[in-house]
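**Student:** below is the structure, and that's it, no one-letter string:
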Ligand SMILES: [Ca+2]
(Lines give C-alpha, C1' and ligand atoms only; values in the text may rest on other atoms or scores of the structure.)
Protein backbone atom coordinates (compact mmCIF):
# COMPACT_ATOMS: atom_id res chain seq x y z
CA UNK A 1 0.00 0.00 0.00
CA UNK A 2 1.38 3.39 -0.92
CA UNK A 3 1.89 6.00 1.73
CA UNK A 4 0.68 9.56 1.49
CA UNK A 5 4.19 10.76 0.60
CA UNK A 6 4.53 8.13 -2.10
CA UNK A 7 1.34 9.48 -3.64
CA UNK A 8 2.70 13.03 -3.40
CA UNK A 9 5.89 11.87 -5.10
CA UNK A 10 3.89 10.19 -7.85
CA UNK A 11 1.88 13.35 -8.32
CA UNK A 12 5.03 15.46 -8.65
CA UNK A 13 6.56 13.03 -11.13
CA UNK A 14 3.37 13.12 -13.16
CA UNK A 15 3.34 16.90 -13.03
CA UNK A 16 6.98 17.15 -14.13
CA UNK A 17 6.30 14.74 -16.98
CA UNK A 18 3.20 16.56 -18.11
CA UNK A 19 4.71 20.05 -17.80
CA UNK A 20 6.15 21.00 -21.17
CA UNK A 21 9.89 21.75 -21.33
CA UNK A 22 9.82 25.24 -22.79
CA UNK A 23 13.42 26.37 -22.27
CA UNK A 24 15.03 27.32 -25.56
CA UNK A 25 18.62 27.93 -26.61
CA UNK A 26 18.66 31.49 -27.93
CA UNK A 27 22.39 32.14 -28.25
CA UNK A 28 25.60 30.14 -28.41
CA UNK A 29 28.89 31.97 -28.91
CA UNK A 30 30.58 28.97 -30.51
CA UNK A 31 27.74 27.74 -32.75
CA UNK A 32 26.70 31.27 -33.75
CA UNK A 33 30.20 32.57 -34.48
CA UNK A 34 30.20 34.42 -37.75
CA UNK A 35 32.20 36.54 -40.19
CA UNK A 36 29.29 39.00 -40.15
CA UNK A 37 29.08 41.57 -37.36
CA UNK A 38 25.67 41.38 -35.68
CA UNK A 39 24.69 37.97 -37.07
CA UNK A 40 22.71 36.05 -34.50
CA UNK A 41 22.90 39.09 -32.23
CA UNK A 42 26.67 38.69 -31.80
CA UNK A 43 29.29 41.39 -32.36
CA UNK A 44 33.06 41.21 -31.94
CA UNK A 45 35.16 44.08 -30.73
CA UNK A 46 37.33 45.66 -28.09
CA UNK A 47 37.43 48.12 -25.20
CA UNK A 48 40.43 50.38 -24.73
CA UNK A 49 40.71 50.40 -20.95
CA UNK A 50 43.84 52.54 -20.94
CA UNK A 51 42.13 55.25 -22.98
CA UNK A 52 38.62 55.08 -21.51
CA UNK A 53 39.00 53.82 -17.94
CA UNK A 54 35.89 52.29 -16.36
CA UNK A 55 33.89 50.07 -18.68
CA UNK A 56 30.61 51.25 -20.11
CA UNK A 57 28.49 49.81 -22.91
CA UNK A 58 29.36 52.78 -25.09
CA UNK A 59 33.04 51.89 -24.82
CA UNK A 60 32.61 48.75 -26.92
CA UNK A 61 33.92 49.24 -30.46
CA UNK A 62 33.38 46.64 -33.19
CA UNK A 63 36.50 45.27 -34.85
CA UNK A 64 36.94 46.65 -38.35
CA UNK A 65 38.56 43.58 -39.89
CA UNK A 66 37.91 39.85 -40.25
CA UNK A 67 40.65 37.40 -41.18
CA UNK A 68 38.96 34.52 -42.97
CA UNK A 69 42.11 32.40 -42.94
CA UNK A 70 42.40 32.44 -39.16
CA UNK A 71 38.66 32.96 -38.61
CA UNK A 72 39.32 35.84 -36.24
CA UNK A 73 38.06 39.37 -35.83
CA UNK A 74 40.70 42.04 -35.20
CA UNK A 75 41.22 45.77 -35.18
CA UNK A 76 42.65 47.95 -37.90
CA UNK A 77 45.87 49.81 -37.14
CA UNK A 78 43.84 53.02 -37.31
CA UNK A 79 41.63 51.79 -34.47
CA UNK A 80 44.28 50.88 -31.90
CA UNK A 81 47.68 51.69 -33.39
CA UNK A 82 49.91 49.26 -35.24
CA UNK A 83 51.87 48.42 -32.08
CA UNK A 84 48.65 47.23 -30.39
CA UNK A 85 47.37 45.25 -33.30
CA UNK A 86 49.55 42.17 -33.15
CA UNK A 87 47.56 39.71 -31.01
CA UNK A 88 44.37 41.61 -30.17
CA UNK A 89 41.50 39.54 -31.57
CA UNK A 90 38.32 37.59 -30.91
CA UNK A 91 37.70 34.18 -32.44
CA UNK A 92 35.07 31.45 -32.25
CA UNK A 93 36.20 30.17 -28.85
CA UNK A 94 37.66 33.20 -27.10
CA UNK A 95 40.35 35.69 -27.92
CA UNK A 96 43.52 37.53 -27.03
CA UNK A 97 43.71 40.98 -25.43
CA UNK A 98 46.37 43.64 -25.88
CA UNK A 99 48.40 44.82 -22.92
CA UNK A 100 51.16 46.99 -21.51
CA UNK A 101 53.81 44.85 -23.12
CA UNK A 102 55.28 42.54 -24.03
CA UNK A 103 57.35 44.40 -26.59
CA UNK A 104 56.04 47.77 -27.74
CA UNK A 105 52.39 47.25 -26.90
CA UNK A 106 51.29 50.21 -24.81
CA UNK A 107 47.57 49.94 -24.02
CA UNK A 108 45.33 47.61 -22.03
CA UNK A 109 42.71 46.68 -24.61
CA UNK A 110 40.15 43.99 -23.86
CA UNK A 111 39.14 41.41 -26.48
CA UNK A 112 35.35 41.26 -26.47
CA UNK A 113 32.17 39.80 -27.84
CA UNK A 114 28.67 41.18 -27.35
CA UNK A 115 25.25 39.58 -27.57
CA UNK A 116 22.17 41.73 -28.00
CA UNK A 117 19.12 40.01 -26.57
CA UNK A 118 16.13 39.37 -28.78
CA UNK A 119 14.15 37.81 -25.92
CA UNK A 120 12.36 39.22 -22.90
CA UNK A 121 12.38 37.44 -19.54
CA UNK A 122 14.57 35.24 -17.36
CA UNK A 123 17.52 33.45 -18.95
CA UNK A 124 20.31 31.18 -17.82
CA UNK A 125 23.73 32.26 -19.10
CA UNK A 126 26.30 29.44 -18.95
CA UNK A 127 29.93 30.23 -19.59
CA UNK A 128 33.32 28.56 -19.89
CA UNK A 129 36.38 30.67 -19.06
CA UNK A 130 39.90 29.19 -19.08
CA UNK A 131 43.39 29.70 -20.43
CA UNK A 132 44.44 28.25 -23.76
CA UNK A 133 48.06 29.41 -23.71
CA UNK A 134 49.46 28.11 -20.42
CA UNK A 135 52.94 29.62 -20.63
CA UNK A 136 54.06 29.75 -16.96
CA UNK A 137 56.15 32.86 -17.59
CA UNK A 138 53.00 34.99 -18.09
CA UNK A 139 50.69 36.69 -15.58
CA UNK A 140 47.21 35.44 -16.53
CA UNK A 141 44.04 37.31 -17.43
CA UNK A 142 40.79 38.57 -15.98
CA UNK A 143 37.42 37.64 -17.48
CA UNK A 144 34.42 39.95 -17.18
CA UNK A 145 30.72 39.75 -18.02
CA UNK A 146 28.60 42.90 -18.14
CA UNK A 147 24.86 43.36 -18.56
CA UNK A 148 24.04 46.77 -19.98
CA UNK A 149 27.41 47.94 -18.74
CA UNK A 150 26.98 46.60 -15.19
CA UNK A 151 29.51 43.97 -14.21
CA UNK A 152 27.84 40.72 -13.15
CA UNK A 153 30.92 38.50 -13.14
CA UNK A 154 34.68 38.93 -12.94
CA UNK A 155 37.46 36.50 -12.18
CA UNK A 156 41.21 36.25 -12.50
CA UNK A 157 42.43 33.19 -14.39
CA UNK A 158 46.01 32.15 -13.76
CA UNK A 159 48.18 31.67 -16.81
CA UNK A 160 48.44 27.90 -16.36
CA UNK A 161 44.75 27.42 -15.50
CA UNK A 162 43.39 25.50 -18.47
CA UNK A 163 40.54 24.14 -16.30
CA UNK A 164 39.23 27.59 -15.45
CA UNK A 165 35.63 28.25 -14.51
CA UNK A 166 32.45 26.70 -15.91
CA UNK A 167 29.46 28.32 -14.27
CA UNK A 168 26.20 30.11 -14.95
CA UNK A 169 24.28 33.27 -14.14
CA UNK A 170 20.53 33.69 -13.89
CA UNK A 171 19.61 36.99 -15.54
CA UNK A 172 16.48 38.92 -16.36
CA UNK A 173 16.83 40.47 -19.79
CA UNK A 174 14.72 42.46 -22.21
CA UNK A 175 14.85 42.87 -25.96
CA UNK A 176 17.94 44.97 -26.60
CA UNK A 177 19.78 44.09 -23.38
CA UNK A 178 23.54 44.06 -24.00
CA UNK A 179 25.59 41.19 -22.61
CA UNK A 180 29.31 41.80 -22.99
CA UNK A 181 32.13 39.31 -22.49
CA UNK A 182 35.64 40.65 -22.03
CA UNK A 183 39.14 39.20 -21.80
CA UNK A 184 41.23 41.70 -19.87
CA UNK A 185 45.04 41.23 -19.87
CA UNK A 186 45.27 42.17 -16.19
CA UNK A 187 46.81 39.35 -14.21
CA UNK A 188 49.58 39.21 -11.64
CA UNK A 189 53.23 40.14 -11.62
CA UNK A 190 55.32 37.03 -12.15
CA UNK A 191 58.21 36.88 -9.63
CA UNK A 192 61.54 37.45 -11.26
CA UNK A 193 60.08 38.90 -14.43
CA UNK A 194 59.78 42.48 -15.57
CA UNK A 195 56.35 42.14 -17.22
CA UNK A 196 53.71 44.70 -16.26
CA UNK A 197 50.67 43.39 -14.39
CA UNK A 198 48.64 44.38 -17.46
CA UNK A 199 50.92 42.59 -19.90
CA UNK A 200 49.20 40.45 -22.52
CA UNK A 201 51.99 37.92 -22.75
CA UNK A 202 50.56 34.47 -23.56
CA UNK A 203 47.03 35.68 -22.80
CA UNK A 204 45.22 33.48 -25.34
CA UNK A 205 41.98 32.55 -23.56
CA UNK A 206 38.86 30.47 -24.10
CA UNK A 207 35.68 32.38 -23.16
CA UNK A 208 32.49 30.87 -24.57
CA UNK A 209 28.88 31.15 -23.47
CA UNK A 210 25.34 30.10 -24.26
CA UNK A 211 22.02 31.55 -23.22
CA UNK A 212 18.82 29.58 -22.59
CA UNK A 213 15.42 31.02 -21.83
CA UNK A 214 13.76 30.00 -18.57
CA UNK A 215 9.98 29.70 -18.77
CA UNK A 216 8.13 30.57 -15.58
CA UNK A 217 4.52 29.34 -15.24
CA UNK A 218 1.91 32.05 -14.88
CA UNK A 219 1.03 32.37 -11.17
CA UNK A 220 -2.65 31.68 -11.86
CA UNK A 221 -1.85 28.56 -13.87
CA UNK A 222 0.60 27.31 -11.28
CA UNK A 223 -1.97 27.90 -8.56
CA UNK A 224 -4.59 25.84 -10.38
CA UNK A 225 -2.13 23.01 -10.92
CA UNK A 226 -1.03 23.00 -7.30
CA UNK A 227 -4.64 23.18 -6.10
CA UNK A 228 -5.45 20.16 -8.26
CA UNK A 229 -2.37 18.35 -7.03
CA UNK A 230 -3.24 19.00 -3.39
CA UNK A 231 -6.83 17.94 -3.93
CA UNK A 232 -5.81 14.72 -5.65
CA UNK A 233 -3.28 13.88 -2.99
CA UNK A 234 -5.78 14.68 -0.24
CA UNK A 235 -8.29 12.26 -1.77
CA UNK A 236 -5.67 9.55 -2.11
CA UNK A 237 -4.42 10.24 1.38
CA UNK A 238 -7.90 9.92 2.83
CA UNK A 239 -8.10 6.41 1.43
CA UNK A 240 -4.93 5.29 3.23
CA UNK A 241 -4.94 3.61 6.67
CA UNK A 242 -4.57 6.13 9.45
CA UNK A 243 -1.24 5.25 11.01
CA UNK A 244 -1.90 6.98 14.30
CA UNK A 245 -5.11 5.00 14.76
CA UNK A 246 -3.16 1.85 13.89
CA UNK A 247 -0.79 2.61 16.75
CA UNK A 248 -3.65 2.65 19.22
CA UNK A 249 -5.58 -0.27 17.82
CA UNK A 250 -3.82 -2.52 15.28
CA UNK A 251 -6.84 -4.70 14.74
CA UNK A 252 -9.05 -1.74 13.95
CA UNK A 253 -6.39 -0.33 11.65
CA UNK A 254 -6.07 -3.57 9.74
CA UNK A 255 -9.78 -3.63 9.23
CA UNK A 256 -9.83 0.00 8.12
CA UNK A 257 -6.99 -0.69 5.68
CA UNK A 258 -9.04 -3.34 3.89
CA UNK A 259 -12.21 -1.26 3.78
CA1 LIG B 1 48.14 39.09 -18.85
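**Tutor:** Thanks, I have it. Treat the numbers as computed from the prediction; the structure is a model and nothing was measured.
**Student:** which parts of this protein are helices?
**Tutor:** 4-18, 49-52, 77-80, 219-238, 243-248, 250-258 (DSSP state H).
**Student:** within range of the ion, give me the residues from this structure.
**Tutor:** Residues of the chain lying close to the ion (Cβ under 5 Å from the ion) are 139, 185, 187, 203. Glycine gets a C-beta too; all of them are placed from N, C-alpha and C.
**Student:** with neighbour count and pLDDT added, can I get those in CSV?
**Tutor:** Output for the residues of the chain next to the ion, formatted as CSV (neighbours: other Cβ atoms under 10 Å; pLDDT from 0 to 100):
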residue, neighbour count, pLDDT
139, 25, 98
185, 32, 98
187, 25, 98
203, 31, 98
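**Student:** how far does stretch 80-100 stretch from one end to the other?
**Tutor:** From its first residue to its last, stretch 80-100 covers 13 Å (Cα to Cα, to the nearest Å).
**Student:** quick check: buried residues in it?
**Tutor:** 80-81, 84-85, 87-100 (16 or more other Cβ atoms under 10 Å).
**Student:** check stretch 43-63 too.
**Tutor:** Residues of stretch 43-63 classed as buried: 43-49, 55, 59-61, 63 (neighbour count, 16+ other Cβ under 10 Å).
**Student:** same check on stretch 161-177?
**Tutor:** Residues of stretch 161-177 classed as buried: 161, 164, 169, 171, 173, 177 (neighbour count, 16+ other Cβ under 10 Å).
**Student:** distance check, the closest residue to the fifth one other than its chain neighbours against residue 165.
**Tutor:** Spatially, and ignoring its direct neighbours in sequence, residue 173 is nearest to residue 117 (4.5 Å; Cβ to Cβ, 6 or more residues apart in numbering). Here the criterion is Cβ to Cβ, to the nearest Å. By it, residue 117 lies 23 Å from residue 165.
**Student:** ok, residue 94 next?
**Tutor:** Remark: distance between residue 94 and residue 165 (Cβ to Cβ) = 13 Å.
**Student:** cool, residue 192 as well?
**Tutor:** 27 Å.
**Student:** so what sits opposite the nearest residue to residue 111 once chain neighbours are set aside in the bridge?
**Tutor:** The shortest distance from residue 111 to any non-neighbouring residue, by Cβ to Cβ, 6+ apart, is to residue 95 (3.4 Å). Per DSSP bridges, the residues bridged to residue 95 are residue 90, residue 205.
**Student:** check contacts around residue 95.
**Tutor:** By Cβ atoms under 8 Å, 6 or more residues apart in numbering, the contact set of residue 95 is 72, 89, 111-113, 183, 204-205, 207.
**Student:** need the strands for the stretch 101-250 of the chain, in chain order.
**Tutor:** Along the stretch 101-250 of the chain, the stretches classed as strands by DSSP state E, counting those that start in this stretch are 106-116, 121-131, 141-147, 150-157, 165-173, 178-184, 205-213.
**Student:** out of the ones you listed, which comes closest to residue 27?
**Tutor:** strand 205-213 (4.2 Å; Cβ to Cβ).
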